[in-house]
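Asks: Model the following, please.
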Amino acid sequence: MIGIIGAMEAEVEILSSALNIIQKKTIGPFTYYQGILANKDVVLLQCGIGKVQAAIGCALMLQSFQPTALINTGSAGGIAPNLHFGDVVISEGLMYHDVDVTAFGYLPGQIPGQPQIFTTDKTLQMLAEKAIVSLKQTRKLPSSLNYEKGIISSGDIFMHEQQKIEQMRKTFPHVKAVEMEGAAIAHCCTLFHVPFLVLRSLSDIAGQESPMKFDEFLPLAARNSSEIVMELVQNL
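Replies: Got it, this is the predicted structure:
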């Protein structure tokens with residue numbers, strides 16, 4: 001079984017519509033949908049926004065359904081200068097940008113006892129790349145769409161203030177995109193020893209009228225990321 005998590009309704013509604021639902025199970029505040037997607041057994045969750053929602057929803061999914069791989073899908077804000085609206089970042093690793101225990105000798109973003117970066121499964125990275133290439137060839141994704149592999153960072157902050165963005169670029173120069181759930185899901189999967197991938201399409205470019213652009217480009221980001229997830233799942 002493959003686990004899929006998105007934070008917002010817009011980020012999972014395409015997947016939910018394509019899912020042949022067999023069973024619905026509610027655990028606490030979370031509703032999990034089991035079914036068939038792209039000929040594979042899948043469990044789908046809309047976890048809600050933020051790291052705590054994501055971590056709890058992910059932990060309950062891993063404990064209750066025991067998926068063999070987990071994909072976090074949705075939107076993100078672009079940090080890398082050569083990425084544009086709708087472009088995609090495939091995670092090589094996830095980290096927190098709102099954690100600071102450097103006073104005790106830890107790296108920026110590192111929680112004591114944990115790595116600074118939670119590393120993504122290489123097979124899932126490869127399958128995501130193949131999915132993008134295939135979807136561009138079949139014109140399910142625009143030929144102009146670009147993607148990059150790299151680090152995605154998470155925090156309970158919507159990054160729109162230029163001062164904070166510049167400070168983040170200085171502290172974490174390797175980060176490609178920012179969002180609010182992926183590192184918590186990566187952290188959870190690492191503790192449970194479950195392979196994971198975070199796949200994000202850009203709904204905004206951090207600092208460039210981010211709140212307005214987010215609302216405008218969220219449907220595009222959700223569509224792009226959902227198409228890639230379905231193609232990836234089919235090839236797992």
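
Asks: residues near the residue lying closest to Ile111 once chain neighbours are set aside, how many?
Replies: Using Cβ to Cβ, 6 or more residues apart in numbering and skipping the chain neighbours, the partner closest in space to Ile111 is Val99 (5.7 Å). Glycine gets a C-beta too; all of them are placed from N, C-alpha and C. By other Cβ atoms under 10 Å, the residues close to Val99 number 21.

Asks: again with Pro67
Replies: As a burial measure, Pro67 scores 21 neighbours (other Cβ under 10 Å).

Asks: and it, what pLDDT?
Replies: Looking at Pro67, its pLDDT is 99.

Asks: can you confirm Phe158 is in a strand?
Replies: No: using DSSP: H, G, I helix; E, B strand; the rest coil, the assignment for Phe158 is coil, not a strand.

Asks: and it, how far is that from Ser75?
Replies: Separation of Phe158 from Ser75 (Cβ to Cβ, to the nearest Å) stands at 11 Å.

Asks: Heading C-terminal from the worst-scoring helix or strand of the chain on mean pLDDT, find the next helix or strand.
Replies: The helix or strand of the chain with the lowest confidence, counting by mean pLDDT, DSSP states H and E, is helix 162-171 at a mean of 80. Moving toward the C-terminus from helix 162-171, the next helix or strand (DSSP states H and E) is strand 175-179.

Asks: now that following strand against helix 162-171, angle please.
Replies: Between strand 175-179 and helix 162-171, the angle comes out at 140 degrees (axes from the mean of the first three to the mean of the last three Cα atoms, to 10 degrees).

Asks: by contact count, what packs against strand 175-179?
Replies: strand 69-78, strand 88-96, strand 147-154, helix 162-171, strand 196-205 (3 or more Cβ pairs under 8 Å, 6 or more residues apart in numbering; DSSP states H and E).

Asks: all helices in this structure, in order from the N-terminus.
Replies: For the chain, helices defined by DSSP state H occupy the ranges 9-18, 51-65, 122-137, 162-171, 182-192, 210-235.
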